[in-house]
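Student: Quick one, structure for this:
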Amino acid sequence: MVKGIKLKQHIVEGDYVATVFDMETVNGVDHVCDRIHILDGEIKGIHAFYYPRQVPEAQTKCQ
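Tutor: As a prediction, the model looks like this:
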């Protein structure tokens, strides 16, 4: 399903890293931000935020 990734930005603050990227899928491009908690060199958690493109069917149903 994923065709490619284009990294946009890394943000580091304390034990947290945020990575902002565009993810090209077979259905188009989704905008993603992953917040990653790292403690003692180990990943303790990942929280992903997705901003998918709107498909025509979803736009029609919302109106």
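Student: For the rest of this, base every contact and every neighbour count on C-alpha atoms.
Tutor: Noted.
Student: Which residues does stretch 39-52 contact?
Tutor: The contact list for stretch 39-52, computed with C-alpha atoms under 8 Å, 6 or more residues apart in numbering, reads 15, 29-38.
Student: Greatest separation within the residues you listed: which pair is it?
Tutor: D15 and V29 (29.1 Å; C-alpha to C-alpha).
Student: Give me the more crowded residue out of the two.
Tutor: Between D15 and V29, counted using other C-alpha atoms under 10 Å, V29 has the larger neighbour count: 17 against 13.
Student: wait, that one sits on D22?
Tutor: Yes - if you go by C-alpha atoms under 8 Å, V29 and D22 touch, sitting 6.4 Å apart.
Student: Now flag whichever of the contacts of stretch 39-52 is closest to K3.
Tutor: V29 (9.5 Å).
Student: How about the closest one, nearest residue that isn't a chain neighbour?
Tutor: Nearest residue to V29 in three dimensions, chain neighbours excluded: M23, at 5.5 Å (C-alpha to C-alpha, 6 or more residues apart in numbering).
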